[in-house]
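Peer 1: Quick one, what's the 3D model for this:
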Amino acid sequence: MIVNQLCFAHPVSSTLTGGTIRNNMDKVSKVKLVTDAIQYKDWRLRVEIDNQNENGRVFIQWIYDDKCVLTNKIKEWHGRKYYLSEYMTDDEIVKTAFTAAIAAEEHEVREKFSYKGIRLFNPHVDIEALMLIADSTIGRK
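Peer 2: The predicted model follows:
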């Protein structure tokens, strides 16, 4: 079995990726070689550079269309960004994409799950509001 390594800083022998990456576009291209083989539903996996600092960092992010729980209209949604280490392997990229899909799905479940018509686990509830009820616990006797 051949294990592919995606290594941004050090040359690595690999059948799919590897070698030293000299600029940000090379980084994105190398990650896309891996992510282009990933499929989940009809979702799209975004691979870009976040240019918040001079070196930029590669991230992946799921983008998908779904119904808004407030308006009932289909709209494009973006999961959170997952930043990749410059030393990340193909294996880590695939597993990070998997983790990102799970997190996005959990977010959707939290938005859509309700009890008595109330979205109890709404991921958009303000942290200050949650703090007001944080000590409201229940236990068995």
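Peer 1: pull the longest strand from the chain.
Peer 2: As assigned by DSSP state E, the longest strand anywhere in the chain is strand 57-67.
Peer 1: I would like the residues contacting that strand, please.
Peer 2: Strand 57-67 is contacted from outside by 24, 27-28, 31, 35, 40-50, 73-84, 86, 93, 96-97, 100-101, 104, 108, using CB atoms under 8 Å, 6 or more residues apart in numbering. Every C-beta, even on glycine, is put in place using the N, C-alpha and C of the backbone.
Peer 1: Tell me which strands that strand pairs with, and in which orientation.
Peer 2: When pairs are called by DSSP bridges, strand 57-67 turns out to pair with strand 44-50 (antiparallel), strand 74-78 (antiparallel), strand 82-83 (antiparallel).
Peer 1: circling back to that earlier point, mark which of the contacts of strand 57-67 are buried, thanks.
Peer 2: Using 16 or more other CB atoms under 10 Å as the burial test, the contacts of strand 57-67 include 24, 27-28, 31, 35, 43, 45, 47-49, 77, 79, 82, 84, 93, 96-97, 100-101, 104, 108 as buried.
Peer 1: Adding mean pLDDT and distance to Ala134, write the strands paired with strand 57-67 out as TSV.
Peer 2: Output for those, formatted as TSV (pLDDT from 0 to 100; distance: least, CB to CB, whole Å):
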stretch	mean pLDDT	distance to Ala134
strand 44-50	96	33
strand 74-78	97	28
strand 82-83	97	28
